[in-house]
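Enquirer: sequence isn't available, so here's the structure alone:
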């Protein structure tokens, strides 16, 4: 049964392994190169949060634009591909080609056939996700020492910790279940891609409620001190202490900005602060990183279990 | 003797329609049973229930020992080589005979990909996989469909040789009765999801007559399965002893005539007692 | 040794065709006492017919005392069929020729002759004469 699983799915396994190796080499290469560049060009104390480090960060950003753009897409594309090529064909292709009637009429019972496949492939997917997370975690500090944004940036957040493993497993389970629903590979693949995108958006919206947001009152600026915090909401606080969404009768003129300029908005904010207004920010601090990681992971694991349960149920019901 | 296949009150429903209803039959061990009927008669459903691919809605179906199944269109993994298909069979079964020699004897190269084989060769590989796990019951869904005449003959020869070699019961479906004339000794006719005929072919042919005679001749004393009229001449398929009226000319029907006679008269049936084996 | 072949359009049942072919071979002397008949598997592999049909034919031949099954070895010819002698053959042929001339004179054509002969043969078979 292990050989059968390997033989039937070796293309996906090999391509994914090759992708991880290639990515590892790319990350390692860029990290080594970037360290050398930093050693040669960085002013003392950089990279870091100091203003002087800004130029270096920009220069690094330009140098590694290609790597960054891979990064931008990977949190969404990688699980979608896993779901489409590991999950959807698992049962979808068997039904499509009629080979389920071959596979399920051998001595090995259907239940065991499915259990072995799901556990081996599911295990491989989780291992792959963890490996990706490990590589990204090792790579990022080279660029962002002291200014890590693994929490505030949702894309990065989904590529470190248990994020990739959870998303990959979820996409795999979604693909498998979709395969039993459509009994065809292509529609199941399409459902996985759409499903992963919708789930990612939904979960991000939901994550605001994982914990009671912290509240802080700012004066003189509307930007929280920690760039890695996740903003939930914000409001103006009148001198009386009342929170309002939009200050009324403040006496500060508000004019609409043109183009990319924010001059008018800034002037309006400065006027408000001058009149004793403060800016209340509700946010999740980066210290909640693991709490959010495990909550995401837990929700995805439960959803995966439910989807796998559905796939198993539909398979064992044996409708022809 | 214990029947190789036994269905009792078997009913299978897909959503709202019954694919098979109230089907009770048994096929004695060592027989080659033909399962015939028009498309949609429930042949595939009966076979899938027998090999456990679907659960009966009502009743039960039992196989004595192990069953092997070759589904319609003989599904195989197209990206596998023939040798890998054999490895698949070996790893998926507890009983397994090395079947490489058999395929080599048929001139099928083991290193060839399944997708590169002819239809006849694919049928032989599928059949070899089914036979290699030494089943007690071999269930074949339309094994001869889409094969050229030489391949049909070769596949049938392989099946018959296996039956001659050991105790094996075969249930094979076809909607072409002439395919089955020389090879089957048990007949099961399904029509519209209902069982119409089940029994030994020789007994059935001996027990029926084709009568030809003038309109108005008395068929009293026989059980008429079906009749047709051309001008003043009537032909009938009847069950039982020939009628007394001397104007009838009687002869033994062919298998095809028998099957057609029943299929044209869905309300007629030739079944043993619900519990009897009939052999 | 004997090699069977089938006339699938003849309407004669398969097992009877096998029986007839063995008998014919015995008459012609191509099969002699002690010769082995092909095994059911061998017949089946060349003709693609049900092995029970072959066994049924062999049982019939055994019942008539022409062959015997030796467990684990196969089926062997026990005795030949004493066909009519050459002299008998000639005599019967003469009388048939005479009958045909007679029938011609009575106005029967080729078709009529054949039909009449078939009917008589069939009736004789029914009565167990032939």
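Expert: Yep, it's here. None of these values were measured; they are calculated from a predicted model.

Enquirer: so who does residue 78 touch?
Expert: With no chain named, the answer covers chain A. Each residue near residue A:78 by CB atoms under 8 Å, 6 or more residues apart in numbering or on different chains is listed here: A:132, A:164, A:167, A:168. C-beta here means a position set from N, CA and C on the backbone, and glycine is covered the same way.

Enquirer: wrong chain, I was asking about chain C
Expert: Neighbouring residues of residue C:78 by CB under 8 Å, 6+ apart: C:33, C:65, C:66, C:67, C:68.

Enquirer: out of these, who has the most neighbours?
Expert: In terms of neighbours by other CB atoms under 10 Å in any protein chain shown, these top out with residue C:67 at 25 neighbours.

Enquirer: wait, isn't it in contact with residue C:75?
Expert: Yes - taking CB atoms under 8 Å as the definition, residue C:67 is a contact partner of residue C:75 at 5.3 Å.

Enquirer: where do the contact lists of those two overlap?
Expert: Listed as contacting both residue C:67 and residue C:75 by CB under 8 Å, 6+ apart are C:37, C:58, C:61.

Enquirer: hmm, the second one is touching residue C:67, no?
Expert: Yes - counting by CB under 8 Å, residue C:58 touches residue C:67, with 6.6 Å between them.

Enquirer: find residues that contact each of these two.
Expert: Here residue C:58 and residue C:67 have C:37, C:75 as joint contacts, going by CB under 8 Å, 6+ apart.

Enquirer: what is the burial count for residue A:158?
Expert: Neighbour number of residue A:158 under other CB under 10 Å is 24.

Enquirer: I misspoke; the intended subject was residue B:6.
Expert: The local packing of residue B:6 (other CB under 10 Å) involves 20 other residues.

Enquirer: got it, and residue A:267?
Expert: Counted with other CB under 10 Å, residues neighbouring residue A:267 total 15.

Enquirer: just the one 4 residues further on next, same as before
Expert: Residues contacting residue A:271 under the criterion other CB under 10 Å number 16.

Enquirer: again with the one 10 residues further on
Expert: A total of 20 residues lie near residue A:281 under the criterion other CB under 10 Å.

Enquirer: how about the helix or strand where it lies: buried residues?
Expert: Per DSSP states H and E, residue A:281 falls inside strand A:278-284. By neighbour count with 16 or more other CB atoms under 10 Å in any protein chain shown, strand A:278-284 contains the buried residues A:278, A:279, A:281, A:282, A:283, A:284.

Enquirer: now do stretch C:1-15
Expert: C:2, C:4, C:6, C:13, C:14, C:15.

Enquirer: got the contact list for that stretch?
Expert: The contact list for stretch C:1-15, computed with CB under 8 Å, 6+ apart, reads B:181-182, B:254, C:17-18, C:20-22, C:25, C:30-31, C:35-38, C:43, C:46-47, C:49, C:53-54, C:56-57, C:60.

Enquirer: what does stretch B:262-271 give?
Expert: Outside stretch B:262-271, the residues within contact range by CB under 8 Å, 6+ apart are B:24-25, B:37-38, B:189, B:191-192, B:194-199, B:204, B:207, B:225-226, B:237, B:239, B:261.

Enquirer: re earlier: among the contacts of stretch C:1-15, which lie within strands?
Expert: Secondary structure defined by DSSP state E assigns C:36, C:37 of these to strands.

Enquirer: PyMOL command to pick out the buried ones of the contacts of stretch C:1-15?
Expert: For the buried members of these, the matching PyMOL selection, counting by 16+ other CB under 10 Å, is:
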select buried, (chain B and resi 181+182+254) or (chain C and resi 17+18+21+22+25+31+35+37+38+43+47+49+53+54+56+57+60)
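
Enquirer: turn the contacts of residue C:78 into CSV, columns for secondary structure.
Expert: Listed next are the contacts of residue C:78 as CSV, based on DSSP: H, G, I helix; E, B strand; the rest coil:
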residue, secondary structure
C:33, coil
C:65, coil
C:66, coil
C:67, strand
C:68, strand
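
Enquirer: among those, which pair sits farthest apart?
Expert: Pairwise distances across the contacts of residue C:78 peak at 11.7 Å for C:33 and C:65 (criterion: CB to CB).

Enquirer: what residues are shared contacts of those two?
Expert: Shared contacts of residue C:33 and residue C:65, defined by CB under 8 Å, 6+ apart, comprise C:78, C:79.

Enquirer: who's the closest spatial neighbour of residue A:13, skipping the chain neighbours?
Expert: Distance criterion CB to CB, 6 or more residues apart in numbering or on different chains; nearest residue to residue A:13, sequence neighbours excluded, is residue A:124 at 6.3 Å.

Enquirer: gap between that neighbour and chain B?
Expert: Note on residue A:124: its distance to chain B, by CB to the nearest CB, to the nearest Å, is 19 Å.

Enquirer: isn't that residue right next to residue A:14, touching?
Expert: No - contact criterion CB under 8 Å: residue A:124 and residue A:14 do not qualify, at 11.2 Å.

Enquirer: which one of these two is surrounded by more residues?
Expert: The neighbour count for residue A:124 versus residue A:14, taken as other CB under 10 Å, is higher for residue A:124 (20 against 10).

Enquirer: secondary structure element holding the more buried one?
Expert: Here residue A:124 sits within helix A:110-139, counting by DSSP H and E.

Enquirer: pull out the buried residues from that helix.
Expert: Buried residues in helix A:110-139 (16+ other CB under 10 Å): A:110, A:113-114, A:117-118, A:120-122, A:124-126, A:128-133, A:135-136, A:139.

Enquirer: same check on stretch A:203-212?
Expert: Using 16+ other CB under 10 Å as the test for burial, stretch A:203-212 gives A:203, A:207, A:210.

Enquirer: next one: stretch B:119-127
Expert: B:120, B:121, B:122, B:123, B:124, B:125, B:126, B:127.

Enquirer: mind putting those residues into TSV with distance to chain C?
Expert: Formatted as TSV, the buried residues of stretch B:119-127 follow (distance: CB to the nearest CB, whole Å):
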residue	distance to chain C
B:120	14
B:121	17
B:122	19
B:123	14
B:124	14
B:125	19
B:126	18
B:127	13
